[in-house]
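>>> Using only what follows, build the 3D model:
(2 chains)
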2 protein chains.
Amino acid sequence: MKTRDRILHVSLLLFNEEGEAPQTAVDISNALDISPGNLYYHFKGKDAIIHALFDRFEDEMHIILKGSRGRVASLEDSWVYLYILLEEIYDFRFFYRDLGLLLDRYPDLASRFRAILAQMRTALVDMFDELTAGSVLRLDPRLREVLTDQVMTTLTFWLAEDHLNADCHDGPTLIHKTVLQVMCLLPPYMGDRGVETLTDLFEHYDTVVA
Amino acid sequence: MKTRDRILHVSLLLFNEEGEAPQTAVDISNALDISPGNLYYHFKGKDAIIHALFDRFEDEMHIILKGSRGRVASLEDSWVYLYILLEEIYDFRFFYRDLGLLLDRYPDLASRFRAILAQMRTALVDMFDELTAGSVLRLDPRLREVLTDQVMTTLTFWLAEDHLNADCHDGPTLIHKTVLQVMCLLPPYMGDRGVETLTDLFEHYDTVVA
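Model prediction:
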């Protein structure tokens, strides 16, 4: 691994595990066992590292959010898609821990973050439209908005909420739990098949987590 | 107004408007046009003020959350009840802005805050049970959990989300919008009456906001 990549890799680990705010450039170079001068050769301070990590997050989210179009047409697809999305967010979870504060500090990242949220909303609306077109869901346009709002809130604040509740789930469990929580929003819009689907979702969850 | 009450009143205004983190005890005494010594006579620093404000928030939430039992049996009651709850949260909104960070700094408040959340969850479950008993809702016990989770997420993060989206709604509009968002979670559990209720909810919202 090249030094530049090692720096990003170790910084991401540190930020995710211990929070971004308390870390200094010196902490990062210590964790890497390189001199602050060597670190500075690659990145002009912690801000530059945060921006490089955000570039990666943005690129990967872009691929996931653009790639879904026309490909999420069943409940199984939705489950897998949400799982991929949540894993990606989890990989860069330090961005989400104290979101408001981080974005106050980096207004340029705030507007790029909002663009990602807008893209995510579009991907969700596409997904709900396809599920409706395939008669999986029966979704009034107004309820589509309501459902999209709810899913957006969950996808944005699931990590903050887990931290708040001090539930301290390990990553994979928390991701599965959150996918289930989002999927369980759908049965009410499935007519008679809703109750049966709900049972399937809980069974699938138990299989995956066990 | 007694000096002690004036200090709490002005501190709450400052924290809500400009964030709690940047304020010092000197800023607060300047805003009150009293000496830091006079402030210190009433409160031994900013932490003591935050604790006194939290005491008030806790007392008021306690009254609201305990008072609902057996009294929220219709959709109209639910609307009003959510409105009261959101207004109370809005009054102390600085607690919710950067919740994770504030609670990391005050572990004693974190456990008391979690107790309030647990009480709120109980109040919501009671409300949903009454609406089900009165045949307003048809709610499978598993879906009751799903619905409660969603409402809890919204009630905890609506202020952070508004800040994130940079929507900058004024308080009353944001409160009404959020009440509508929560109420719109109910029609899917109302069978045939759901669609009609949804129309009523949007009409009621337009009337209130206009």
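
>>> thought residue A:14 was touching residue A:31?
Yes: in this structure, residue A:14 is within contact of residue A:31 by C-beta atoms under 8 Å, at 5.8 Å. Glycine gets a C-beta too; all of them are placed from N, C-alpha and C.

>>> Of these two, which one has the most company?
The neighbour comparison of residue A:14 against residue A:31 (other C-beta atoms under 10 Å in any protein chain shown) goes to residue A:14, with 20 against 15.

>>> mind checking which helix or strand that one is in?
helix A:3-18 (DSSP states H and E).

>>> what element comes up after that helix heading to the C-terminus?
Remark: after helix A:3-18, the chain's next helix or strand is helix A:25-32, criterion DSSP H and E.

>>> Flag every buried residue along that next one.
For helix A:25-32, burial by neighbour count (16 or more other C-beta atoms under 10 Å in any protein chain shown) applies to A:25, A:28, A:29, A:32.

>>> what number of residues lie near whichever residue of chain A sits closest to chain B?
The nearest approach of chain A to chain B comes at residue A:188, 3.3 Å away (C-beta to the nearest C-beta). A count of nearby residues for residue A:188, using other C-beta under 10 Å, gives 26.

>>> Give me the distance between the residue lying closest to it once chain neighbours are set aside and residue B:72.
In space, and not counting its chain neighbours, residue A:188 is closest to residue B:188: 3.3 Å by C-beta to C-beta, 6 or more residues apart in numbering or on different chains. Applying C-beta to C-beta, to the nearest Å, the value for residue B:188 to residue B:72 is 19 Å.

>>> for residue A:76, same thing?
Distance, residue A:76 to residue B:72, using C-beta to C-beta: 38 Å.

>>> what about the two, which has more around it?
The residue with more neighbours, out of residue A:76 and residue B:72, is residue B:72; 22 against 10, by other C-beta under 10 Å.

>>> Low-confidence ranges, chain A, go.
Chain A contains residues with pLDDT under 70 at A:210.

>>> Chain B contacts on that one?
Proximity of chain A to chain B (C-beta under 8 Å from any C-beta of the partner chain) is limited to residues A:97-101, A:103, A:110, A:114, A:117, A:140, A:142-143, A:146, A:149-150, A:153-154, A:156-157, A:160-161, A:163-166, A:181, A:184-185, A:187-189, A:195, A:198, A:202.

>>> Tell me the buried residues within the residues you listed.
A:97-101, A:103, A:110, A:117, A:140, A:143, A:146, A:149-150, A:153-154, A:156-157, A:160-161, A:163-164, A:181, A:184-185, A:187-189, A:198.

>>> roughly how far apart are residue A:167 and residue A:160?
12 Å.

>>> scratch that, residue A:81 is what I was asking about
To residue A:160, residue A:81 is 22 Å away according to C-beta to C-beta.

>>> tell me which element the residue of chain A positioned farthest from its centre falls in.
Centroid-distance maximum for chain A: residue A:37 at 33.7 Å, with C-alpha atoms, centre = their mean. Counting by DSSP H and E, the element that carries residue A:37 is helix A:36-42.

>>> List the buried residues in that helix.
Buried-residue list, helix A:36-42, by 16+ other C-beta under 10 Å: A:39, A:42.

>>> other SSEs contacting that helix?
Secondary-structure packing of helix A:36-42 (3 or more C-beta pairs under 8 Å, 6 or more residues apart in numbering or on different chains; DSSP states H and E): helix A:3-18, helix A:25-32.

>>> okay, that helix in PDB with CA atoms only?
Provided in PDB are the C-alpha atoms of helix A:36-42 (Å, rounded to 0.1, in the frame of the first residue of the first chain):
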ATOM      1  CA  PRO A  36       4.700  14.600  10.900                       C
ATOM      2  CA  GLY A  37       6.900  15.900   8.100                       C
ATOM      3  CA  ASN A  38       6.300  12.800   6.000                       C
ATOM      4  CA  LEU A  39       2.500  13.100   6.700                       C
ATOM      5  CA  TYR A  40       2.700  16.800   5.700                       C
ATOM      6  CA  TYR A  41       4.400  15.900   2.400                       C
ATOM      7  CA  HIS A  42       1.300  13.900   1.400                       C
END
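
>>> Identify the residue nearest the geometric centre of chain A.
Nearest residue to the geometric centre of chain A (C-alpha atoms, centre = their mean): residue A:89, 2.5 Å.

>>> Assign it to helix, strand or coil.
In terms of secondary structure, residue A:89 is helix; the call rests on DSSP: H, G, I helix; E, B strand; the rest coil.

>>> So residue A:10 sits against residue A:31, correct?
Yes: contact criterion C-beta under 8 Å: residue A:10 and residue A:31 qualify, at 5.3 Å.

>>> Stretch A:201-210: how far from the chain's middle?
Relative to the chain's own centre, stretch A:201-210 is displaced by 21 Å; criterion: C-alpha atoms, centre = their mean, to the nearest Å.

>>> now do stretch A:191-208
Computed by C-alpha atoms, centre = their mean, the separation of stretch A:191-208 from the middle of its chain amounts to 24 Å.
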